[in-house]
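[1] have a look at this prediction, sequence included:
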Number of protein chains: 2
Amino acid sequence: MKDLPPFAQHFILHWGEMGTKWGINRTVAQIHALLFLSDRPLHAEEICEQLGVARSNVSNSLKELQNWGIVKVVHLPGDRRDHFESIQDVYELFRVIAAERKKREIDPTLVRLRACANEAGATDNPADAHAKEQLESLLGFFELVSDFYTKMDRLPTKSAIQAIRMGDKIAKSIGALMK
Amino acid sequence: MKDLPPFAQHFILHWGEMGTKWGINRTVAQIHALLFLSDRPLHAEEICEQLGVARSNVSNSLKELQNWGIVKVVHLPGDRRDHFESIQDVYELFRVIAAERKKREIDPTLVRLRACANEAGATDNPADAHAKEQLESLLGFFELVSDFYTKMDRLPTKSAIQAIRMGDKIAKSIGALMK
DNA sequence: CGGATATTTCTGTCTTTACAGAAATTGAGA
DNA sequence: TCTCAATTTCTGTAAAGACAGAAATATCCG
């Protein structure tokens, strides 16, 4: 990371480390961090040089970031190379990540949980009653999360932020009304 | 997975697969799934037999689940072996997971982002202005998430669920009032 | 206290992932 | 059209992670 200021280097290293906790390869996350901080699109060779990784690794990692939808190719006039840029707006970035995680994790889990709950419901073995109940409860939770996601995704960013800021106060008021 | 009904097996396999997307080892996640479905605490040998994994691997994985706070040791009268049980309540389970993720990921990221933003703020190199802005914006986002977590964690489960169910409607109303 | 049981730690190996560099392919421009 | 640059794919290898089984340690109970 030769030409980067220390604060950028620290951020990139940290982001890479967080990536591994989220099931994302360190280099992929570091490349994303670099593009996120950059004020202009970067081409692959620049990324190689800045992060000190092989060209082929950069190529594969960029493909993955594109699959996540958070990085896209742009072409600059007078330059035949692909340049890459990250979504710059933080809220948009996390919105896209959430959408992709819902697609890759939540939706398949919902499908699987519904199937398992149905299978469990079709059996009358008392030994399975608890497991059935657990699956149904977990299904309810994932449905709640999925609903929450869907609704929030429809809101403009400002409204979503408001909901998040005030959600607990409103819940308290609802609680008070219900008493 | 010899003695488990097919629906349980399907769930356990799926949960293990999801684990890998969340940065958790497959076997660890599968052991958790087994304990989550079980209507009684299981001892290590039972887990080995049910999942077909080595005793030492079970031992290490249970340690990790305990570190996450979602599995605990219980001792049964007349049986010297450690038995293990998962948190059974889904909302409590995800509350504990969220707390641990905040501690392991959000909090260190906040610390790091604050440090980076300060470093970036102490430099007046115009080339760094964009990166500084990006870091500050990301810091704002993580602070929002951290706040949201803290507030929701204080609510009883029912109120938290209400907030999640109604949050978008209220955000729309706030938006209408602001116009 | 000694033997048996239970658990943990260690070690070696297997598997998977990550990675660099070579080779192949694609696309742009003269 | 040909050459060269850019990119992707492939291959081999290194590293990391996962895992089983042996060895060591700890604990219980007769």
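    Now that the structure is in, tell me what you want to look at.
[2] switch to C-alpha atoms for all contacts and neighbour counts from now on
    OK.
[3] how about the helices in chain A?
    Along chain A, the segments classed as helices by DSSP state H run A:6-21, A:26-37, A:44-51, A:55-68, A:90-101, A:107-121, A:129-154, A:157-178.
[4] so which of those helices comes closest to A:Asp79?
    With C-alpha to C-alpha as the criterion, A:Asp79 lies closest to helix A:44-51 of the helices of chain A, at 12.7 Å.
[5] check which helices and strands that closest one sits against.
    helix A:26-37, helix A:55-68, strand A:82-86 (3 or more C-alpha pairs under 8 Å, 6 or more residues apart in numbering or on different chains; DSSP states H and E).
[6] which regions of chain A lie under the pLDDT threshold?
    In the predicted model, chain A carries pLDDT under 70 at residues A:2, A:170-172, A:174-179.
[7] break chain A into its domains for me.
    Annotated domains of chain A cover A:6-86, A:90-178 [automatic domain parsing].
[8] skipping its backbone neighbours, what lies nearest the residue nearest the centre of chain A in space?
    Central residue of chain A (C-alpha atoms, centre = their mean): A:Ile97, 2.7 Å from the mean position. Computed as C-alpha to C-alpha, 6 or more residues apart in numbering or on different chains, the closest residue to A:Ile97 that is not its neighbour in sequence is A:Trp68, at 6.9 Å.
[9] does that neighbour touch A:Ala98 like I think?
    No. Applying C-alpha atoms under 8 Å, one finds A:Trp68 not in contact with A:Ala98, separated by 10.0 Å.
[10] close to DNA strand C: what parts of chain A are there?
    A:24-28, A:52-57, A:78-80 (C-alpha under 7 Å from any atom of the strand).
[11] what's the most distant pair in those?
    Farthest pair in these, by C-alpha to C-alpha: A:Ile24 and A:Gly78, 34.2 Å.
[12] please identify which of the two sits among more neighbours.
    Set side by side, A:Ile24 and A:Gly78 show more neighbours around A:Ile24, with 18 against 6, by other C-alpha atoms under 10 Å in any protein chain shown.
[13] next, that one: phi, psi?
    In terms of degrees, to the nearest 10, the main-chain angles of A:Ile24 are phi -120, psi 140.
[14] burial of the residue lying closest to A:Leu34 once chain neighbours are set aside, as a residue count?
    The shortest distance from A:Leu34 to any non-neighbouring residue, by C-alpha to C-alpha, 6+ apart, is to A:Ile12 (6.5 Å). Per other C-alpha under 10 Å, the neighbour tally for A:Ile12 reads 26.
[15] give me every residue that touches A:Ile12.
    Contact analysis of A:Ile12 by C-alpha atoms under 8 Å, 6 or more residues apart in numbering or on different chains lists A:30, A:33-34.
[16] same deal with A:Leu34?
    A:Leu34 touches A:8, A:12, A:47, counting by C-alpha under 8 Å, 6+ apart.
[17] try A:Leu138
    A:113, B:90.
[18] same question for A:Trp22.
    Here A:Trp22 is in contact with B:21-23 (C-alpha under 8 Å, 6+ apart).
[19] recalculate using a threshold of 10 Å.
    Residues in contact with A:Trp22, defined by C-alpha atoms under 10 Å, 6 or more residues apart in numbering or on different chains, are A:29, B:19-24, B:105.
[20] also A:Glu45?
    By C-alpha under 10 Å, 6+ apart, the neighbours of A:Glu45 are A:52-55, A:58-59, A:81, A:83.
[21] one more: A:Ser61?
    Residues in contact with A:Ser61 (C-alpha under 10 Å, 6+ apart) are A:25-32, A:55, A:67.
[22] quick one: buried ones out of the residues of chain A next to DNA strand C?
    Among the residues of chain A next to DNA strand C, those classed as buried by 16 or more other C-alpha atoms under 10 Å in any protein chain shown are A:24-28.
[23] who in chain A is up against DNA strand D?
    Residues of chain A lying near DNA strand D (C-alpha under 7 Å from any atom of the strand): A:43-45, A:55-57, A:59-60, A:63, A:79-83.
[24] redo that, cut-off 6 Å
    Counting by C-alpha under 6 Å from any atom of the strand, the residues of chain A close to DNA strand D are A:44, A:55-56, A:59-60, A:80-82.
[25] if I pick A:Val74, what's in contact with it?
    So A:Val74 contacts A:41-43, A:81-85 (C-alpha under 10 Å, 6+ apart).
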